[in-house]
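Novice: sequence? don't have it. structure:
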DNA sequence: GATTGATTTTGAACAACGGTCAATATATTT
DNA sequence: AAATATATTGACCGTTGTTCAAAATCAATC
């Protein structure tokens, strides 16, 4: 067979990612084979290899799309300048996304590039952008000049929330309690502890 | 070739797990192939299949050993009946283990059984035993009759700690801060928030 | 010691995998 | 119309997990 004019290169790129997404939503990482993706878009496996470096590259791109979806789902939330309320809403939104897109979200962490290869920069930026959402919520909590503490708090909360969602979807730890309640508890009491500490160091013995 | 008398069935079982552990420590999940494990113990691949159901089963057993190691590493810690100090020590011990055994610990979560198969009961029990260590630290914090709150707190802390370690070893989120500090912050302020809330509901307006 | 029966062990075989590439068929330019 | 560039493929390679009949050995019996 030779050249076709059915689809442009960009169209093929999107078609492949779309097919891969549908397969991943059904069967997870295990179902994502080159031949199956290719068959789903009506091309042969070889065609995928002049769109992507290899199958890992395709999956990294698919994961990028998932991160974009997650960002869109969370960035549209209102935010009323109350750190605790905003963080709670963000956490619930994050949990809701991982529930609604369990297989795709799992793929973000189930997939590992062989041989210690690092992820591309744009991938880390997409994650950083998500972390930034949490950071923004904390702006009113920490005044100016306390950016380091704010970033630290965002990272702690983000990592913790991440752990809850992972243990949930991977079913590695039996949690007989909905993670929504756990996340609420985390945000509420961790912030309360921070407030106490801040108040003490400000109003107490300096 | 036929039957040999070199090793008993139990010896072979241990040899296979030991070989698999060494391979996993070097090359992670990707290096764990049936033929490679078999070659390392001087047998053919087929022999592994009358020791284990399949390769997934072998890895689940290997993961069980890793959970045992982790438990031994954490259970030997002293514990001086001060919840915050004990929890901090436990968290640091956990982090130290994941650092020292990064590849093996990763295998616990990198590996997924195909087709929604659940993990065996004994596996969940090994995890529950670890969670129990955290629970025990909290006994003095919550008095009797507050077991539900205690379990809840242990789960929140465990999940959160888990998330930090995962993001660290998987390098999915660039953390420009050692997770030891993040874990310390988590334990310290989350507990402080709990204390405040408890004190308020006890001493304040009922 | 010889014979029988139960167990291990193996190498060959299978289907499916990721990935490569020369051959080919079409699009595009000259 | 001829020449050139590009996209697509099917055959192919090595490797994977897994199965299984054949063969070799151990254990028990006569």
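Specialist: Now that the structure is in, tell me what you want to look at. Every value quoted in this text rests on a predicted model; they were computed, and no experiment measured them.

Novice: Quick one: residues contacting the residue of chain A found nearest chain B.
Specialist: Taking C-beta to the nearest C-beta, chain B has its nearest neighbour within chain A at residue A:163, 2.3 Å off. No exception for glycine: its C-beta is placed from N, CA and C like everyone else's. The contact partners of residue A:163, by C-beta atoms under 8 Å, 6 or more residues apart in numbering or on different chains, come to B:159-164, B:166.

Novice: Just the ones in helices from those, please.
Specialist: The helices, defined by DSSP state H, take in B:159-164, B:166 from those.

Novice: Pick the one among these closest to chain A.
Specialist: The closest of the ones in helices among the contacts of residue A:163 to chain A turns out to be residue B:163 (C-beta to the nearest C-beta; 2.3 Å).

Novice: how far away is the closest residue to residue A:55 other than its chain neighbours from residue A:40?
Specialist: Distances taken as C-beta to C-beta, 6 or more residues apart in numbering or on different chains put residue A:34 closest to residue A:55, at 5.5 Å, once the chain neighbours are dropped. As judged by C-beta to C-beta, to the nearest Å, residue A:34 and residue A:40 stand 11 Å apart.

Novice: Kindly report the same for residue A:32.
Specialist: For residue A:32, the distance to residue A:40 - C-beta to C-beta - is 11 Å.

Novice: any shared contact partners between those two?
Specialist: With C-beta under 8 Å, 6+ apart, residue A:32 and residue A:40 have common neighbours residue A:23.

Novice: neighbour count winner among these two?
Specialist: Comparing residue A:32 with residue A:40 by neighbour count (other C-beta atoms under 10 Å in any protein chain shown), the higher total belongs to residue A:32, at 20 against 15.

Novice: which stretch of helix or strand covers whatever residue of chain A ends up closest to DNA strand D?
Specialist: Of all residues in chain A, residue A:46 sits closest to DNA strand D, at 2.6 Å by C-beta to the nearest atom of the strand. Using DSSP states H and E, residue A:46 maps to helix A:45-48.

Novice: where's residue A:132, which helix or strand?
Specialist: Per DSSP H and E, residue A:132 falls inside helix A:121-137.

Novice: Which strands or helices does that helix pack on?
Specialist: On a contact count with 3 or more C-beta pairs under 8 Å, 6 or more residues apart in numbering or on different chains; DSSP states H and E, helix A:121-137 meets helix A:55-75, helix A:83-100, helix A:147-170.

Novice: Just the buried positions in the last one, please.
Specialist: The reference is to helix A:147-170. A:149-170 (16 or more other C-beta atoms under 10 Å in any protein chain shown).

Novice: Equivalent analysis for the shortest one, please.
Specialist: By neighbour count, with 16+ other C-beta under 10 Å as the criterion, the buried positions of helix A:83-100 are A:83, A:86-91, A:93-95, A:97-98.

Novice: Wondering if that helix reaches chain B at all.
Specialist: No: Helix A:83-100 lies out of reach of chain B by C-beta under 8 Å from any C-beta of the partner chain, never closer than 11.1 Å.

Novice: Could you point out the helix or strand that follows that helix?
Specialist: helix A:102-110.

Novice: now do the last one
Specialist: Counting by DSSP H and E, the next helix or strand C-terminal to helix A:147-170 is helix A:179-203.

Novice: Break chain A into its domains for me.
Specialist: Domain assignment for chain A by automatic domain parsing gives A:1-52, A:54-203.

Novice: Buried ones in stretch A:101-120, by neighbour count?
Specialist: Here stretch A:101-120 shows A:101-112, A:119 as buried, counting by 16+ other C-beta under 10 Å.

Novice: Give me the contact status of that stretch with DNA strand D.
Specialist: No: Stretch A:101-120 does not reach DNA strand D (C-beta under 7 Å from any atom of the strand); its nearest approach is 12.0 Å.

Novice: hang on, isn't residue A:43 packed against residue A:19?
Specialist: No: using C-beta atoms under 8 Å, residue A:43 is not in contact with residue A:19; the gap is 9.8 Å.

Novice: before we move on, back to that, save the domains of chain A as JSON lines, and put in mean pLDDT too.
Specialist: Formatted as JSON lines, the domains of chain A follow (pLDDT from 0 to 100):
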{"stretch": "domain A:1-52", "mean pLDDT": "94"}
{"stretch": "domain A:54-203", "mean pLDDT": "93"}
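
Novice: returning to what we had before: and the helix holding residue A:132, how far out from the chain's middle?
Specialist: 9 Å (C-alpha atoms, centre = their mean, to the nearest Å).

Novice: And for stretch A:10-22?
Specialist: Distance of stretch A:10-22 from its chain centroid, counting by C-alpha atoms, centre = their mean, is 20 Å.

Novice: Can you tell me what sits against that stretch?
Specialist: Contacts of stretch A:10-22 (C-beta under 8 Å, 6+ apart): A:7, A:32, A:37-38, A:40-41, A:43, A:47-48, A:51-52, A:58-59, A:61-62, A:65, A:104.

Novice: at 7 Å what do you get?
Specialist: Residues from elsewhere that reach stretch A:10-22 (C-beta atoms under 7 Å, 6 or more residues apart in numbering or on different chains): A:7, A:32, A:37, A:40-41, A:48, A:51, A:58, A:61-62, A:65, A:104.
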